[in-house]
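1. The following block contains a protein sequence and its predicted model.
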Amino acid sequence: MPVRTRVAVIGAGPAGLLLSHLLGRHGIESVVVDSRSREEIETTIRAGILEQGTVEILSETGASDRVLTAGRKHEGMELRFDGEGHRIDFAATVGRAVWLYPQHEVLKDLVAARLAAGQDLRFGVTAERVEDAETNRPRVVARDAEGGAVEIEADVVVGADGSRSVAREAVTGTYGGYFREYPFAWFGILCEAPPSAEELIYSNSPDGFALISQRGPGVQRMYFQCDPTTDPGAYGEERLWEILRSRVPGITLNEGRVFQRDVLRFRSFVAHEMRRGRVVLVGDAAHTVPPTGAKGMNLAVADVVVLTEALRALLLDGDESLFDAFPDTARKLIWKAQHFSWWMTSMLHLQPGAGDFDRMRQIGELRSVVESEAGRAYLAEGYTGRPLG
Ligand code: PHB
């Protein structure tokens, strides 16, 4: 017997869990499945920066109180190039801020809120495919952890199942999309050390990009640009610190034991289609951005806010217009975020094979941004994001 619900959500990441939470506030019931265990979801280290609009949605809808108490408000960032740092003051330029609050903490809060609300949230359930997209009864065909068949029949199926989305095939057919691969990656570390600076440092150096981010008083997250084929085990700890130091000339890094390392590939992707019939895609299932602009999770939240309104009108009022318009509405936000992420990436990274002209032009671009009030405001506006909803 299939499980019957109004909205079947594949993926218990930020997009899927927040959607279920917002729908629940309108009295719309959903079932959320994820192939991973709760523990895996709550402990995988991902992004760290939340736009102000994301924080407002999480705190005002009761999804997370902790973001305001455990998260840290950042009212600026530093851009470094040519041996000097330049502060971009978000508060002074656009009157907004971002919060440093790791994605897995957001997920812990969302899982707790959904379980407290009695949500049907199934871990270890792997979606295999979505069927009957073009009917009013689309279905998720899945397997539970023991290999047993699970079927969920709904009014709408939402693919919030990340960049390796299973739902995407039912929407785009051939995995079609706009795609760009970058000739570099980030080597990321987590280390035991106090913060090296008050705010995040984005550094363009002659040897390549580095980002000095944070996690808390005793744990820091840092990245440096590397070749995409780099093996995370390739460097000893001393060599890692040597590379990081050379990428932020003029800054003294607080160093400590490195306890996690990973290599992040850089890709930009937007699916050609975000909806077919009663199946829609949100978050990384629909798009990927490189991490430089910290847009990934924030863009997923924006999709979900737009989709919630569309589903409310469709499922409570029988009004299809917002649901029909969802892909076009979301696409406008997505391409702005794609541009911002691409722009930050191209301005800050060393392009393999770049000549002297390219290097000098890049420094000219960075100077144009930091030495102009309009330039600083443009960056601050894109980084802190616009109000959602
Ligand atoms: C992070 O802390 O993981 C982080 C921060 C800012 C970014 C990307 C990643 O742009």
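-> Structure received. Numbers count the residues shown, from 1 in each chain.

2. Quick check: the one residue in the stretch 101-250 of the chain that gets nearest to the ligand vs Pro14, distance?
-> At 3.3 Å from the ligand, Ser213 is the closest residue in the stretch 101-250 of the chain, using CB to the nearest ligand atom. Bear in mind the C-beta positions are built from the backbone N, C-alpha and C, glycine included. Note on Ser213: its distance to Pro14, by CB to CB, to the nearest Å, is 18 Å.

3. Neighbour count: these two, which is higher?
-> Shown here are Ser213 and Pro14; by other CB atoms under 10 Å, Pro14 has more neighbours (29 against 21).

4. For the more buried one, give me its contacts.
-> Contacts for Pro14 (CB atoms under 8 Å, 6 or more residues apart in numbering) come out as Gln103, Val106, Leu107, Leu110, Gly283, Met297, Ala300, Val301.

5. before we move on, what about His21?
-> Counting by CB under 8 Å, 6+ apart, His21 makes contact with Thr61, Ala63, Leu110, Ala113, Arg114, Ala117.

6. just these now: which is nearest Val32?
-> Nearest to Val32 among the contacts of His21: Arg114, at 7.2 Å, using CB to CB.

7. burial measure for that closest one, as a count.
-> 22.

8. and what of the one 3 residues further on?
-> By the other CB under 10 Å criterion, the neighbourhood of Ala117 contains 13 residues.

9. could you check the distance from it over to Val111?
-> According to CB to CB, Ala117 and Val111 sit 11 Å apart.

10. what's the answer for Leu350, then?
-> Separation of Leu350 from Val111 (CB to CB): 40 Å.

11. and Ile152, that one's in a strand?
-> Yes - under DSSP: H, G, I helix; E, B strand; the rest coil, Ile152 sits within a strand.

12. Make residue 1 into 30 and carry on from there
-> New numbering, starting at 30: the last item is Ile181.

13. Can you name the helix or strand that the residue nearest to Gly262 when sequence neighbours are not counted falls in?
-> Using CB to CB, 6 or more residues apart in numbering and skipping residues adjacent in sequence, the residue nearest Gly262 is Arg290, 7.7 Å away. Using DSSP states H and E, Arg290 maps to strand 287-300.

14. That strand packs against which elements?
-> Judged by 3 or more CB pairs under 8 Å, 6 or more residues apart in numbering; DSSP states H and E, the packing partners of strand 287-300 are helix 196-201, strand 206-221, helix 266-276, strand 316-317, helix 350-377.

15. starting at the chain centroid, how far to the fourth one?
-> Looking back up the chat, that one is strand 316-317. Centre-to-centre, strand 316-317 and its host chain are 9 Å apart (CA atoms, centre = their mean, to the nearest Å).

16. can it be found next to the ligand?
-> No - judged by CB under 6 Å from any ligand atom, strand 316-317 makes no contact with the ligand; its nearest approach is 13.7 Å.
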